[in-house]
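In: Sharing a model prediction with you, sequence too.
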Amino acid sequence: PSLTFIMKLLFSPRLAWRNANEVLLKSNYTLLGRRQSHDRSGHIGCVLQLYYHDVYQVNLPPGHRYPSTKARMVRERLEERRSLRHEPDMDFSVSPLVSREDLELAHEASYVDKVLHGKLEEKELRHIGFPWSQSGIQRALASCGGTVAATHWVLSRQTLLAGQLGGGTHHAFRDRGEGFCFFNDLAVSARVAMRDYGISRILILDLDVHQGNGTAKMFHGDKRVTTFSMHSKSNYPWRKELSDYDVELPDQCQDDGLLSALSHWLPILIDRHQPELVLYQAGVDALKEDALGRLAISRRGLQSRNEIVFKTVVDAELPTVVTMGGGYARPVELSVDAHVDVYVTAAEVLARRRER
């Protein structure tokens, strides 16, 4: 790309790319045209690209249920693991702030304005569960931006898998937030993929213990996006939306119930809908020790869940973005362990692909 073009990218207020690598990635797909070839053999990398947003701190009141240190703890554990390996299988980049242009693909402009300028009413903030602060909004923008960046990464054929160490904010609707979610990064990323790559078949695979109600509502009736949510039947949200597929698990469901349901449905979803992109919400709040779950899934059960998902999408050569989702165990280290497992399994599946 020309120097003039790169300078426009760097200083345009409509873009949020924060380093040269991301600018070049953005300019690459722009110059080549928004619709790129999806030749599966074109994916050349086997190192898992991960984005993180914990550089932005959020100050919560004492006793708040949201584990604000969790994302940083997961990143530090993964970086420590990488430093002990002879051959790195993960790369880390700070999540870019999502642009307003991208946000408004999925959210109403008036809602985006209220969030960005601190105009949300007290009732609206109670539904979200966070107080408003500038640093908190930056964190929300970066959480969404990292998922968008990972989507660009896989659709530009850098690797089949990429992830955000955060995100999965599936309770945000077009005009409001809920359940610790200001913006819906899954919806924004799906819209970006449709706009920039001409994608018309997207699977949102949501395995958090809570239904992805915001995502379901935002894509209701949109045939380009298939929403699948496997969640606790009797848990939040109390008023469920209608996904394309809702698999409701009973209280105290154990490993066999979850894994058999996933093993049944995932091949059907891929065969029936032939997705060009998978957005995987990999919440670990189904863990039996989770304070906000109601299921009884073991850590080993979640590891098996991740193996099923990543092996299936990699074998099918499907570009896939993984987000962290929920995890509220006490102590928080139990959730951290389970989140780390998600990304380690992704890296291991990619490494096995390289060895073929």
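Out: Sure, I can see it.

In: Looking at the chain, which strand is longest?
Out: Longest strand in the chain by number of residues (criterion: DSSP state E): strand 225-232.

In: Tell me which residues are up against that strand.
Out: 190, 201-212, 215-216, 219, 243-249, 251, 253, 258, 261-262, 265, 269, 273, 275, 286, 293-295 (CB atoms under 8 Å, 6 or more residues apart in numbering). The way it works is simple: take the backbone N, C-alpha and C, and place the C-beta from them, glycine included.

In: Just the buried ones among those, please.
Out: Neighbour counting over the contacts of strand 225-232 (16 or more other CB atoms under 10 Å) leaves 190, 202-212, 215-216, 219, 243-247, 249, 253, 258, 262, 269, 273, 275, 286, 293-295 as the buried ones.

In: all strands for this protein, in order.
Out: 48-52, 90-94, 161-165, 202-206, 225-232, 245-249, 277-281, 320-323.

In: So for the last one, mean pLDDT?
Out: Per-residue confidence for strand 320-323 averages out to 98 on the pLDDT scale.

In: for that strand, packing partners?
Out: In terms of contacts (3 or more CB pairs under 8 Å, 6 or more residues apart in numbering; DSSP states H and E), strand 320-323 is packed against helix 134-155, strand 161-165, helix 185-197, strand 277-281, helix 299-315, helix 332-355.

In: rewinding a little: turn the strands of the chain into a markdown table, columns for distance to residue 69.
Out: As requested, those are exported to a markdown table (distance: least, CB to CB, whole Å):
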| stretch | distance to residue 69 |
| --- | --- |
| strand 48-52 | 13 |
| strand 90-94 | 17 |
| strand 161-165 | 13 |
| strand 202-206 | 24 |
| strand 225-232 | 25 |
| strand 245-249 | 29 |
| strand 277-281 | 21 |
| strand 320-323 | 18 |
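
In: so which of the ones you listed gets nearest residue 73?
Out: strand 161-165 (10.0 Å; CB to CB).

In: From the chain's centroid, how far away is the closest one?
Out: Strand 161-165 sits 7 Å away from the centroid of its parent chain (CA atoms, centre = their mean, to the nearest Å).

In: Quick one: mean pLDDT for that strand?
Out: Averaged across strand 161-165, pLDDT comes to 98.

In: Walk me through which strands that strand pairs with, and which way each runs.
Out: Here strand 161-165 has these sheet partners by DSSP bridges: strand 48-52 (parallel), strand 320-323 (parallel).

In: right, so these: which one is the most enclosed?
Out: Highest mean neighbour count of the strands paired with strand 161-165: strand 320-323, a mean of 28 (counted as mean count of other CB atoms under 10 Å).

In: just to revisit the earlier point, can you redo the strands paired with strand 161-165 as JSON lines with distance to residue 94?
Out: Shown next, in JSON lines, are these (distance: least, CB to CB, whole Å):
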{"stretch": "strand 48-52", "distance to residue 94": "6"}
{"stretch": "strand 320-323", "distance to residue 94": "16"}
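
In: closest to residue 234 out of those?
Out: Residue 234 lies closest, by CB to CB, to one member of the strands paired with strand 161-165: strand 320-323, at 24.3 Å.

In: what's in contact with that closest one?
Out: With CB under 8 Å, 6+ apart, strand 320-323 has contacts from 147, 150-151, 154, 160-164, 166-168, 185-186, 189, 277-282, 310, 313-314, 342-343, 346.

In: what's the neighbour count on residue 81?
Out: A count of nearby residues for residue 81, using other CB atoms under 10 Å, gives 16.

In: residue contacts, it?
Out: Contact analysis of residue 81 by CB under 8 Å, 6+ apart lists 90, 340, 344.

In: Now do the contacts for the closest residue to residue 208 other than its chain neighbours.
Out: Residue nearest to residue 208 in three dimensions, not counting chain neighbours: residue 283, with 3.0 Å by CB to CB, 6 or more residues apart in numbering. Applying CB under 8 Å, 6+ apart, we find residue 283 in contact with 168, 206, 207, 208, 209, 210, 324, 325, 326, 327.

In: Could you check how far residue 283 is from residue 136?
Out: From residue 283 over to residue 136 the distance is 20 Å, taken as CB to CB, to the nearest Å.

In: same check, this time on residue 171
Out: Counting by CB to CB - residue 171 and residue 136 are separated by 16 Å.

In: Between the two, tell me which one has more neighbours.
Out: Shown here are residue 171 and residue 136; by other CB under 10 Å, residue 171 has more neighbours (26 against 19).

In: Tell me how far the nearest residue to residue 334 once chain neighbours are set aside lies from residue 215.
Out: Nearest non-adjacent residue to residue 334, counting by CB to CB, 6+ apart: residue 289, 5.0 Å away. Going from residue 289 to residue 215 by CB to CB gives 26 Å.

In: Many thanks, we can stop here.
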